[in-house]
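# okay, here's the prediction I keep looking at, along with the sequence it came from:
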Amino acid sequence: MTGLQLALGAGALIGLGLALLLWRLVPAQPDLADTLARLSPRHPRVATELTGAATDTRGRLGVWAMKTLPPRVWSRTPVRELAILRMPLATFYGEKILYAMLGLAIPPVLAAFFALIGLGVPVVIPGLGTLALAAVMFFLPDYNVRDDAKKAKAEFTRALGAYIDLVALERNSGSGSRQAMEVAAAVGDSWVFRRLEEELARSRWSGQAPWDALHALADELGLPELDDLADIMRLSGEQGAQIYGNLRARSASLRAAMLNTELAKANEVGERMSIPMSLLGVIFLAILVAPSLLRVLGGDGP
């Protein structure tokens, strides 16, 4: 390594140290949403999840980052996606920090490997590569969480259709609104039914109406289908309306919507599969036509 490269590296480290020192001394700007969340009744539940997440490496690193780094660093946090995955915020932030650290480490390691085998790499390339890869890796957990949450929402919708049918059967047999919802939630053993059962049990012990609990869960997870079920059950609980037909119609509409989605995905896959077949047809035609073209071109020559 030349003297110029050593000077550039030392200057970069000194500048980074000064920037981190100034960053630490700048007065903190509290996040308004986080402050209001601390005052909400659901804060003890969130605090418990954060404390439990601090037992692993990602959780401890995330708790440190939440206390040290300003909120602007995290950009837009996928709160609803984390809620449906039941991933604590500290674990998510810790995963982002670990991914960014991995992105910072990969280019220097590759540069050192190339230097050992005799391939000199300019110091600018690993420097820029480190920053670019760290930025990409920092936002990679956001993509993973959104993709997993999309699959979890689809699974929740499928299970919700079966749950609505069970609630309708319980109501048709003479059960009350709360009893029908709790018995239907206790039937299934998937994570969706367990989540509904937890919310209904929490509403029972807190004295909250079960449809209000479902409304809160729908807002937390971003599930309008669950919000519609809560509205139907509110109509039954507060006005005593007969809702068996409404529930069966709602479950049928959910299944129809899921079927249309699956058909659209199947059509997309079919269209993508037609592209290789078309290319094979073009290649086959080229193989058939090529000898005749070569013969004609060869015959026209001198």
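Yes, it's here. Treat the numbers as computed from the prediction; the structure is a model and nothing was measured.
# can we go C-alpha only for contacts and neighbour counts from here?
Will do.
# so which strand or helix has the closest residue to L221 other than its chain neighbours?
Ranked by CA to CA, 6 or more residues apart in numbering and with sequence neighbours excluded, the top spatial neighbour of L221 is R80, at 5.0 Å. Using DSSP states H and E, R80 maps to helix 79-85.
# got it, and F114?
With DSSP H and E as criterion, F114 is part of helix 89-116.
# buried stuff in that helix?
Going by neighbour count (16 or more other CA atoms under 10 Å), the buried part of helix 89-116 is 89-104, 107-108, 111.
# cool, stretch 57-71 as well?
Buried residues in stretch 57-71 (16+ other CA under 10 Å): 58-63, 65-66, 70-71.
# what about it, average pLDDT?
Mean pLDDT, stretch 57-71: 79.
# stretch 192-200 now?
Here the average pLDDT along stretch 192-200 is 90.
# quickly note the distance from R60 to K67.
Using CA to CA, to the nearest Å, R60 is found at 11 Å from K67.
# picking up where we left off before, what is the mean pLDDT for the helix holding R80?
For helix 79-85, the per-residue pLDDT averages 87.
# that one - contacts with which helices or strands?
Judged by 3 or more CA pairs under 8 Å, 6 or more residues apart in numbering; DSSP states H and E, the packing partners of helix 79-85 are helix 124-172, helix 210-221.
# let's go with 10 Å and repeat that
helix 89-116, helix 124-172, helix 210-221 (3 or more CA pairs under 10 Å, 6 or more residues apart in numbering; DSSP states H and E).
# pick out the shakiest of the ones you listed, pLDDT-wise.
When I compare the helices and strands packed on helix 79-85, helix 89-116 is least confident, with a mean of 84.
# not counting its neighbours along the chain, what's nearest V145?
Nearest residue to V145, sequence neighbours excluded (CA to CA, 6+ apart): E81, at 6.5 Å.
# residues near the one you found, how many?
22 (other CA atoms under 10 Å).
# could you do L285 as well?
11.
# that one: what secondary structure?
Of the three states, L285 takes helix according to DSSP: H, G, I helix; E, B strand; the rest coil.
# follow-up on the earlier one: the buried residues of stretch 57-71 in helices, which ones?
Counting by DSSP state H, the part of these found in helices is 58-63, 65-66.
# state the distance from R76 to A159.
From R76 to A159 the distance is 29 Å (CA to CA).
# more neighbours: these two, which one.
Shown here are R76 and A159; by other CA under 10 Å, A159 has more neighbours (16 against 9).
# does the more buried one really touch V187, like I thought?
No. Judged on CA atoms under 10 Å, A159 makes no contact with V187 at a distance of 11.7 Å.
# shared neighbours, these two?
Listed as contacting both A159 and V187 by CA atoms under 10 Å, 6 or more residues apart in numbering are F193.
# that older thread, please convert the helices and strands packed on helix 79-85 to JSON lines, extending it with distance to F284.
Output for those, formatted as JSON lines (distance: least, CA to CA, whole Å):
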{"stretch": "helix 89-116", "distance to F284": "44"}
{"stretch": "helix 124-172", "distance to F284": "39"}
{"stretch": "helix 210-221", "distance to F284": "52"}
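# returning to what we had before: for the residue nearest to L221, which residues are in contact?
86, 146, 149, 218-223.
# now the two most distant members of the ones in helices among the buried residues of stretch 57-71.
Spatial extent of these (CA to CA) is set by the pair R58 and M66 at 12.0 Å.
# what sits in contact with each of these two?
90, 93-94.
# what helices and strands are in contact with the helix or strand hosting M273?
Taking DSSP H and E as the definition, M273 sits inside helix 244-300. Helix 244-300 sits against helix 124-172, helix 224-239, with contacts defined as 3+ CA pairs under 10 Å, 6+ apart.
# so which elements touch the last one?
Going back to what we said before, that points to helix 224-239. helix 124-172, helix 177-187, helix 210-221, helix 244-300.
# what's next to the second one, contact-wise?
For helix 177-187, contacts defined as CA under 10 Å, 6+ apart pick out 160, 162-176, 192-201, 204, 209-211, 233-238, 240.
# out of the residues you listed, which are buried?
160, 162-171, 192-193, 196-197, 199-201, 210-211, 233-237.
# which stretches of the stretch 201-302 of the chain have low pLDDT?
For the stretch 201-302 of the chain, applying pLDDT under 70 flags the ranges 238-241, 298-302.
# so how far is L285 from the residue nearest to L221?
With CA to CA as the criterion, R80 and L285 are 53 Å apart.
# also T68?
65 Å.
# before we move on, what about Y99?
49 Å.
# follow-up on the earlier one: quick one, the helix holding F114 and helix 124-172 angle?
150 degrees (axes from the mean of the first three to the mean of the last three CA atoms, to 10 degrees).
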